[in-house]
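S.K.: Got a predicted structure here, sequence first:
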Amino acid sequence: MRLPAALREAAALAVAELGVAPSATALTAAALRAMLEAIVLQAALNQHYQDYPRARPDLGDLVIAAAQLDGHPFATQPERLRRAAAEITASHPAATPDEVLLWAEARAMPAA
Amino acid sequence: MTDLVILDNEAIQALASPSHSKHRHALAYVQVIASRKQRAIDIQTVVPTTVRVEAGWDRASRAGAFLNRLRITDSPLDPAAANTAAAIRIRSGVSVADAHIGAVIGSAQAARITVVTSDPADMRRIAGDKSVTIAAI
């Protein structure tokens, strides 16, 4: 496998200076493994959503799940999060759960 | 450092069956994890093997095919984990599977540990003094 020289040098530097992996090869393999794992997982989910369209979580479901996984203070307020998801989707249809969480936090701040 | 997500019996059962009332909810966790993996966040999902037994997830069966594709790693009940789980079970009176979850929590080196569970109270008891995030399914 050929890597761009700059990327190869950056990997070697990260290994030497930051100790992120035993070697540049190990770092490359780990990164590749992680990305392949992510791709395979998403492919499995996409196939499942195709087979069971009603199983696909909407943005509200995803932001609640993200808040719960992170122990976010709003995790216990699912209606607030669903409302924030609905608001942000109106202007940003591709918003991510993390962006919705930020929006919900901003909405909760008292006006200056 | 890795974020660790541990699944309990109901989380596995909800994931396994599209007709389960919490299937979509359980999939939302996996979707968030998948999205984070795509952003190179180091996050691992595990199932203690006794939880897998309790949930009836046989990796060799056709019924387990979908779960097998979700990159959920087995956390085995090895001798050390069995000792820890036994102590938790004696102390807390929880099920074998929950005690095993406690042992996984106890030995985890993760930056953050989250348990997806239908029984938050038991999970807090078995976690001891370890900091754990509870995601109630």
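M.R.: In hand now; what should we look at?
S.K.: Kindly report the residues of chain B close to chain A.
M.R.: B:5, B:18, B:23-25, B:27-35, B:37-38, B:40, B:42, B:66, B:69-71, B:112, B:114, B:116, B:133-136 (CB under 8 Å from any CB of the partner chain). The way it works is simple: take the backbone N, C-alpha and C, and place the C-beta from them, glycine included.
S.K.: ok, which stretches of the chain are helices?
M.R.: Here I'm looking at chain A. A:5-13, A:24-51, A:59-70, A:78-91, A:97-108 (DSSP state H).
S.K.: oops, chain B please
M.R.: B:9-16, B:23-38, B:49-55, B:65-68, B:79-92, B:96-107, B:120-127.
S.K.: who wins for proximity to residue A:109 among these?
M.R.: Among the helices of chain B, the nearest to residue A:109 by CB to CB is helix B:23-38 (24.3 Å).
S.K.: Please type out the ChimeraX selection for whichever of the residues of chain B next to chain A turn out to be buried.
M.R.: Buried subset of the residues of chain B next to chain A, written as a ChimeraX selection, criterion 16 or more other CB atoms under 10 Å in any protein chain shown:
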select /B:5,23,24,25,27,28,29,30,31,32,33,34,35,37,66,70,71,112,114,116,133,134,135
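S.K.: low-scoring stretches of chain B, by residue?
M.R.: The model of chain B has pLDDT under 70 over residues B:1.
S.K.: do that again at 90, thanks
M.R.: Scanning chain B for pLDDT under 90 picks out B:1-2, B:39-41, B:128-129.
S.K.: Could you do chain A as well?
M.R.: Using pLDDT under 90, chain A drops low at A:1-3, A:20, A:30-31, A:34, A:90, A:107-112.
S.K.: Apply 70 and report the result again.
M.R.: Short version for chain A, where the test is pLDDT under 70: A:111-112.
S.K.: Could you break it into its assigned domains?
M.R.: Annotated domains of chain A cover A:5-54, A:57-108 [automatic domain parsing].
S.K.: Dump those domains into a markdown table; add mean neighbour count and distance to chain B as well.
M.R.: A markdown table is the format used below for these (neighbours: other CB atoms under 10 Å in any protein chain shown; distance: least, CB to the nearest CB, whole Å):
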| stretch | mean neighbour count | distance to chain B |
| --- | --- | --- |
| domain A:5-54 | 14 | 4 |
| domain A:57-108 | 18 | 4 |
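S.K.: I'm done for today, thanks for sticking with me.
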